[in-house]
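Undergrad: Next input, structure requested:
(2 chains)
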Amino acid sequence: MTLYLLRRCLQAAGVMLVMSVLVFVGVYAIGDPVEILISPEADQIERERAIRALGLDLPLWQQYLVFLKNALHGDLGRSFVFNEPALKLILDRMPATLELAFGATFVALLVGLPLGLYAGLRPNGALARGIMAGSILGFSLPTFWVGLMLIMVFAVQLGWLPSTGRGETVDVLGTRWSFLTLDGLRHLAMPAFNLALFKISLVIRLTRAGVREAMLMDYVKFARAKGLHPSRIVLVHVLKNIMIPVITVVGLEFGGTIAFSVVTESIFAWPGMGKLIIDSINVLDRPVIVAYLMLIVLMFIVINLLVDLTYTALDPRVRLEGRT
Amino acid sequence: MTAPTLELRDLRTHFATRGGVVKAVDGVSLRVDRGQVLGLVGESGSGKSVTGFSILGLVDPPGQVVGGQVLFQGQDLARLDEEAMRHLRGNRIAMIFQDPMMTLNPVLRIDTQMIETVLAHAPVSREEARQRARDALGQVGIAAPEERMRAYPHQFSGGMRQRVAIAIALLHKPDLIVADEPTTALDVTIQGQILAEAQKLCAEHGTALIWITHDLSVVAGLADRIAVMYAGRVVEEGPVEAVLDAPLHPYTVGLIGSVPSRNRRGAALNQIPGMTPSMLNLPAGCAFAARCPRAASGCSEPPPFVEFRPGRSARCIHPHAEGPPA
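TA: This next block holds a predicted model:
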């Protein structure tokens, strides 16, 4: 196990290094922040001084080496715009995004699993067909449109839920969380549901396919031959088997949820990382963009590792490599 | 006379498919008494497995028991509702499946799968259930059951898994066990051990056993009586030695002839010509007529199931070793 984790960490370091080059070069290619950051009225001497202060006078490879050296010391650069460490800017906004992503995943499982189970057990029922048709809508309706419609209906027409912000928050472990207050939960409800919509459909489809497959397996028939109660067969024998693909997909999807919560955050004015990165791209705030992308890469790596580890808990047949 | 452990009367299980109705089991009548072993023999698709599943009410849709009676100790199971049936399954009637690699749930530990079976039918504590599970594992010859119970199915070999499945079937000391080709997927040596155990258990507990197989050599050493099935019907029935030594039905003769034997070393094995008929399109008369060397004009009429000698019945109008019907 230790050997396995060690090997995974080395791999992760390699991936991070390659990504840092790609990200750095990519962001360099997007455009010159100087034009946006420095006022057009500034004279030549002022321009020169500003460029030097930002370290933009050096050739690309030198800029990269400076970045790499600082990054190894935990410094991913200072934001051109806010003049604050980029990492701190992002980490300040991360809890909001994580809260939204976890909320969405929770909603997806809470809604998707029961619906998928039902659709899998009664594949020909009218309700099951309705669920499956609904899941196609969940897949194909654009997030931003659904978000706007949700605001229209629940915030504007009915006035049940607030449309923007995080609401009342509680300080726990030095960060603010919305989900611990009733007002915060009301604020969280719509954006989380909006972000969850695609995942709900995904979970429904995965669960239904898994259930239909599992119900035909001999072990289910044998469980019936043992005289077990049908609820035990479905909730223990079947569910434990189908949780393997569901956890994999939802786990891997989690990274995507964080990375692409941009749209939902913009619509609901949720003060998370997604909103920050959009603003930073608009003003070509390179350090923030680079730091954000590196953090997302790290997050994907960690999530992948966690999914693999969850596997061993769920499926006894899986043994991690390097374990003797 | 007490009621037999199981008696099937004219059991019919049909599958409504797109191509028509498949009469997988079409009027099967059988009986098994306490402590007796019945060998149910036939080729693939002869309806022997469906017969087994019909007894337990485990036929998957579109299959359905459409007629006849399944009398278990005098009670008709075909009329029982699902909940009452569930209380019998695994409790009074147990089943062992063909492929031991598939019957145990891969993600649950052996003890979980055994204890849940105990608790499904007996109001005992978890500890007591564990105790019973351990005893059952010991009974089927698994060494160090206490330790092995904590393992997952994939940590067992095929033979060991089948022993676990048998141990599960034995947990409630059932009155009837339906074993659906339980040794087909196993090595010959393991097969021998399992057969010996099955025999011992029947003798000890008075359990009636229906052993479904296509392998006559297995039945020869194990069963008291034998029923040969062809195209959803029993074509011959009788005591095992009598049927194997002097078969009446030409199909039984063909089956016996196709088993390799030491006495006919070097000679070509007999084959039954042709293939099993499509179950969708059975001939009006004897289903075997097209492949039968003794077929004559009368075979286009459905042959009756006739008792030729006491305890010896066959569904044929031109049987081997003909004798006057009793």
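Undergrad: Report the mean per-residue pLDDT for the strand or helix carrying A:Met294.
TA: Of the helices and strands defined by DSSP states H and E, A:Met294 is found in helix A:286-314. Mean pLDDT, helix A:286-314: 85.
Undergrad: Could you pull out the helices in chain B for me?
TA: Counting by DSSP state H, chain B has helices at residues B:48-56, B:82-88, B:100-103, B:110-121, B:126-139, B:145-148, B:158-170, B:188-205, B:216-222, B:240-245, B:250-257.
Undergrad: which one of those lies closest to A:Arg317?
TA: Nearest of the helices of chain B to A:Arg317, taken as C-beta to C-beta: helix B:100-103 at 12.1 Å. C-beta coordinates here come from the backbone N, C-alpha and C atoms, glycine included.
Undergrad: mean confidence for that closest one?
TA: Mean predicted confidence for helix B:100-103 is 85.
Undergrad: what does stretch A:207-227 give?
TA: 89.
Undergrad: What is the helix holding A:Met294 packed up against?
TA: Using 3 or more C-beta pairs under 8 Å, 6 or more residues apart in numbering or on different chains; DSSP states H and E as the contact test, the elements touching helix A:286-314 are helix A:2-30, helix A:86-121, helix A:239-259, helix A:273-282.
Undergrad: re the thing from before, if you average pLDDT over each of the helices of chain B, which is lowest?
TA: helix B:188-205 (a mean of 79).
Undergrad: and the helix holding A:Met294 with helix A:239-259, angle?
TA: 180 degrees (axes from the mean of the first three to the mean of the last three C-alpha atoms, to 10 degrees).
Undergrad: Okay, and the spatially closest residue to A:Ile38 that is not a sequence neighbour sits in which element?
TA: Leaving aside its chain neighbours, A:Ile38 sits nearest to A:Ala50 (5.2 Å; criterion: C-beta to C-beta, 6 or more residues apart in numbering or on different chains). In this structure, A:Ala50 sits in helix A:44-54 according to DSSP H and E.
Undergrad: Contacts for that helix next, please.
TA: Residues outside helix A:44-54 that contact it (C-beta atoms under 8 Å, 6 or more residues apart in numbering or on different chains): A:Pro33, A:Val34, A:Leu37, A:Ile38, A:Ala42, A:Asp57, A:Phe80.
Undergrad: Run a quick check on the last one versus A:Ser280, I expect a contact.
TA: Right, A:Phe80. No. If you go by C-beta atoms under 8 Å, A:Phe80 and A:Ser280 don't touch, sitting 9.1 Å apart.
Undergrad: returning to that earlier point: among the contacts of helix A:44-54, list the two that are farthest apart in space.
TA: A:Ala42 and A:Asp57 (15.5 Å).
Undergrad: Check the gap between the residue nearest to A:Ile38 and B:Gln191 for me.
TA: 86 Å (C-beta to C-beta, to the nearest Å).
Undergrad: and if you look at A:Tyr118?
TA: Distance from A:Tyr118 to B:Gln191, by C-beta to C-beta: 43 Å.
Undergrad: Up against chain A, what does the stretch 151-300 of chain B have?
TA: Within the stretch 151-300 of chain B, the positions near chain A by C-beta under 8 Å from any C-beta of the partner chain are B:Tyr152, B:His154, B:Ala165, B:Ile168.
Undergrad: And for the residue of the stretch 51-200 of chain B found nearest chain A, nearest residue in space, chain neighbours not counted?
TA: The nearest approach of the stretch 51-200 of chain B to chain A comes at B:Gly90, 3.4 Å away (C-beta to the nearest C-beta). Residue nearest to B:Gly90 in three dimensions, not counting chain neighbours: A:Gly227, with 3.4 Å by C-beta to C-beta, 6+ apart.
Undergrad: Surely the one you found is in contact with B:Ala120?
TA: Yes. If you go by C-beta under 8 Å, A:Gly227 and B:Ala120 touch, sitting 5.1 Å apart.
Undergrad: and the residue nearest the centre of chain A, what is it in contact with?
TA: With distances taken as C-alpha atoms, centre = their mean, A:Ile258 lies nearest the centre of chain A, 2.0 Å away. Listed by C-beta under 8 Å, 6+ apart, the contact set of A:Ile258 reads A:Thr97, A:Leu98, A:Ala101, A:Met273, A:Ile296, A:Met299.
Undergrad: nearest to chain B, of these?
TA: A:Ala101 (27.7 Å).
Undergrad: count of residues packed around the closest one?
TA: 24 (other C-beta atoms under 10 Å in any protein chain shown).
Undergrad: That one contacts A:Glu253, correct?
TA: No. Using C-beta under 8 Å, A:Ala101 is not in contact with A:Glu253; the gap is 9.8 Å.
Undergrad: how far away is A:Leu17 from B:Arg109?
TA: 43 Å.
Undergrad: of the two, who's got more company?
TA: The neighbour comparison of A:Leu17 against B:Arg109 (other C-beta under 10 Å) goes to B:Arg109, with 17 against 12.
Undergrad: what's the spacing between that one and B:Ala133?
TA: Counting by C-beta to C-beta - B:Arg109 and B:Ala133 are separated by 11 Å.
Undergrad: who touches both of the two?
TA: In contact with both B:Arg109 and B:Ala133: B:Met149, using C-beta under 8 Å, 6+ apart.
Undergrad: so A:Leu202, which of the three states?
TA: helix (DSSP: H, G, I helix; E, B strand; the rest coil).
Undergrad: how many other residues sit next to it?
TA: The burial count for A:Leu202: 21, using other C-beta under 10 Å.
Undergrad: which ones are touching it?
TA: A:Ala108, A:Gly112, A:Phe139, A:Val249, A:Val250, A:Glu253 are the contacts of A:Leu202 under C-beta under 8 Å, 6+ apart.
Undergrad: again, 7 Å this time
TA: A:Val249, A:Glu253 (C-beta atoms under 7 Å, 6 or more residues apart in numbering or on different chains).
Undergrad: For chain B, what's its nearest residue on chain A.
TA: A:Gly227 (3.4 Å).
Undergrad: what does the stretch 1-150 of chain B put close to chain A?
TA: B:56, B:58, B:86-87, B:89-91, B:95, B:97, B:99, B:102-108, B:116-117, B:120-121 (C-beta under 7 Å from any C-beta of the partner chain).
Undergrad: go with 6 Å
TA: B:58, B:86, B:89-91, B:95, B:97, B:102-103, B:105, B:107, B:117, B:120 (C-beta under 6 Å from any C-beta of the partner chain).
Undergrad: Of these, select the buried ones using a ChimeraX command.
TA: Selecting only the buried entries of the residues of the stretch 1-150 of chain B next to chain A in ChimeraX, with 16 or more other C-beta atoms under 10 Å in any protein chain shown as the criterion:
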select /B:58,86,89,90,91,95,97,102,103,105,107,117,120
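Undergrad: any idea which of the residues of the stretch 1-150 of chain B next to chain A is closest to A:Arg286?
TA: Set against A:Arg286, the nearest of the residues of the stretch 1-150 of chain B next to chain A by C-beta to C-beta is B:Val107 (48.2 Å).
Undergrad: out of A:Ala50 and B:Gln191, which sits in the more crowded spot?
TA: The neighbour comparison of A:Ala50 against B:Gln191 (other C-beta under 10 Å) goes to B:Gln191, with 19 against 16.
Undergrad: ok, that one touching B:Thr184?
TA: No. Shown here, B:Gln191 and B:Thr184 do not form a contact pair, counting by C-beta atoms under 6 Å, at 8.5 Å.
Undergrad: Would you mind listing where the stretch 51-200 of chain A has pLDDT under the threshold?
TA: A:174 (pLDDT under 70).
Undergrad: Which parts of it are helices?
TA: A:60-72, A:86-121, A:126-140, A:143-150, A:182-215 (DSSP state H, counting those that start in this stretch).
Undergrad: if we can go back for a sec, tell me which two in the residues of the stretch 1-150 of chain B next to chain A are the farthest apart.
TA: Farthest apart among these - using C-beta to C-beta - are B:Asn91 and B:Val107, which lie 24.8 Å from each other.
Undergrad: Would you mind naming what in chain A lies close to chain B?
TA: A:218-219, A:222, A:224-228, A:237, A:240-241, A:315-317.
Undergrad: Any of those residues buried? List them.
TA: Using 16+ other C-beta under 10 Å, the buried members of the residues of chain A next to chain B are A:218-219, A:222, A:224-228, A:237, A:240-241, A:315-316.
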